[in-house]
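Participant: just need the structure, nothing else, for what follows:
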Amino acid sequence: MKATIFTNYDRRNTWVMIAIAFAIVIALEYATPSEYVFGYLYTGPILLTNYRLGRKANLQVTLAASALTLLNLLIPREHFSLSTLANRLIAVLALLVTGWLSDRIRHYEEAIANQQTQLLYQKRLASMREDFVSTLTHDLKTPLLGAIETIKSFQRGQFGECSFAQRKVLEMMIRSHQSTLQLVQTLLDIYHYDSEGLKLQLAAVNLGSLVEEVIATLTELAAARRVHITLNYGESNFRQNLWVNGDALQLQRVFTNLLINAINHSPRGGKINVILENDSHQQVVKILDSGQGIPIDELAHLFERFYQGNSDRQSQGSGLGLYLSRQIIAAHGGTIWAENLSPSGALFGFRLPTSPAISENS
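Facilitator: Got it, this is the predicted structure:
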């Protein structure tokens with residue numbers, strides 16, 4: 001209520017000042033011959049009106065000032081020349097331009113103020129979102145880690161001997177909790193990468209050694225799905241070093257995401273073939289599975305965040321692994337893609353720039 005009273009009081013004072021200014025200009029206008037044009041002085045009240053009272057009042061004052069400037073040609077009634085008429089028309093035009101420009105300036109100032117408010121709101125929202133994500137992931141990771149350790153204690157027999165069937169169930173529970181834990185960590189990483197950018201710890205990385213380590217860690221998962229993974233080096237029958245300048249941890253995540261994706265979408269008894277190819281400019285990695293393939297209309301969207309298609313290939317997962325892989329490969333200056341194989345299956349691959357100095361010394 002106090003704010004409303006103050007605003008009304010302020011508006012009344014403004015109208016009083018405008019009326020006094022008009023009275024002064026009118027007195028000058030009608031106390032002197034028509035040849036003397038004082039109408040330009042109305043620009044002061046116009047600017048004050050626009051600043052204090054808004055658009056409608058600005059239009060009213062501008063039109064009133066223009067009318068009074070022209071009215072001085074008729075009152076008092078006297079002979080006037082064409083030059084006097086031209087001067088007053090020019091003054092009216094100046095008043096109209098002043099009113100229009102002041103209205104535009106006010107509009108731009110309001111737009112800038114709104115943008116600044118939105119930017120401040122977005123900044124606060126981003127800060128709240130960061131706090132929420134950090135708190136949420138911490139609160140989720142802690143009980144998951146506790147549950148995994150508890151289940152491992154059961155496996156070790158600390159609470160009594162477990163049967164073969166019970167151990168299998170416990171292994172399945174651990175894998176499930178670890179998958180959930182990995183998803184939580186992926187969500188946190190994606191948020192940080194989107195807001196702060198991906199920061200790489202670059203060093204010499206041998207893709208051959210890296211993929212061998214990842215395959216070893218996924219052996220149990222592949223065996224549980226009865227999927228066989230093979231590794232070869234293109235046309236060569238011998239192991240090769242494929243050196244890149246990259247972040248080993250992040251590239252390991254790419255291999256893990258692509259291989260898990262291939263395992264999840266391969267039939268029981270299926271095969272996954274990992275092919276590493278080396279040329280003078282690029283190191284190429286291809287992961288071929290024996291699944292049902294990818295619908296043509298979904299190929300362009302596979303690496304989008306949270307994308308899950310309608311095919312059986314996308315029946316599992318969160319749609320984050322491929323998106324995160326694309327971010328990591330792009331940060332390394334490489335490209336990632338997917339395509340269908342004939343007659344069935346899919347290929348996921350990526351290319352990274354070769355590190356010449358490392359390759360020559362290897």
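
Participant: avg pLDDT for stretch 349-362?
Facilitator: Summarised as a single mean, pLDDT over stretch 349-362 is 71.

Participant: just stretch 118-137 next, same as before
Facilitator: 76.

Participant: how many neighbours does the residue lying closest to Leu218 once chain neighbours are set aside have?
Facilitator: In this structure, Leu218 finds its nearest non-sequential neighbour in Leu259, 5.6 Å apart by Cβ to Cβ, 6 or more residues apart in numbering. C-betas here are computed from N, CA, C, even on glycine. As a burial measure, Leu259 scores 24 neighbours (other Cβ atoms under 10 Å).

Participant: tell me the domain ranges of this protein?
Facilitator: 2-120, 137-196, 203-361 (automatic domain parsing).

Participant: can you tell me the SS state at Ser266?
Facilitator: coil (DSSP: H, G, I helix; E, B strand; the rest coil).

Participant: nope, Phe154 is what I was after
Facilitator: helix.

Participant: and the residue lying closest to it once chain neighbours are set aside, what does it touch?
Facilitator: Spatially, and ignoring its direct neighbours in sequence, Phe154 is nearest to Leu170 (5.7 Å; Cβ to Cβ, 6+ apart). Residues near Leu170 by Cβ atoms under 8 Å, 6 or more residues apart in numbering: Ile151, Phe154, Gln155, Cys162.

Participant: from the residues you listed, which is closest to Tyr108?
Facilitator: Nearest to Tyr108 among these is Ile151, at 63.1 Å by Cβ to Cβ.

Participant: what are the ranges of the helices in the stretch 251-362 of the chain?
Facilitator: 321-331, 356-361 (DSSP state H, counting those that start in this stretch).

Participant: re earlier: just name the most buried of the domains of the chain.
Facilitator: domain 203-361 (a mean of 17; mean count of other Cβ atoms under 10 Å).

Participant: which SSE is the residue nearest to Phe154 in?
Facilitator: Leu170 belongs to helix 164-196 when assigned by DSSP states H and E.

Participant: from the middle of its chain, how far away would the helix or strand following that helix be?
Facilitator: From helix 164-196 onward toward the C-terminus, using DSSP H and E, the following helix or strand is strand 203-206. Strand 203-206 sits 30 Å away from the centroid of its parent chain (Cα atoms, centre = their mean, to the nearest Å).

Participant: what sits up against strand 203-206?
Facilitator: Asn241, Leu242, Trp243, Val244, Asn245, Gly246, Asp247, Ala248, Leu251, Ser355, Ile358, Ser362.

Participant: partner strands of it, with direction?
Facilitator: strand 243-246 (antiparallel) (DSSP bridges).

Participant: and the contacts of the partner strand?
Facilitator: Residues contacting strand 243-246 (Cβ under 8 Å, 6+ apart): 200, 202-207, 251, 283, 332, 352-355, 358-359, 362.

Participant: chain center to it, what's the gap?
Facilitator: For strand 243-246 - counting by Cα atoms, centre = their mean - the centre lies 28 Å from the chain centre.
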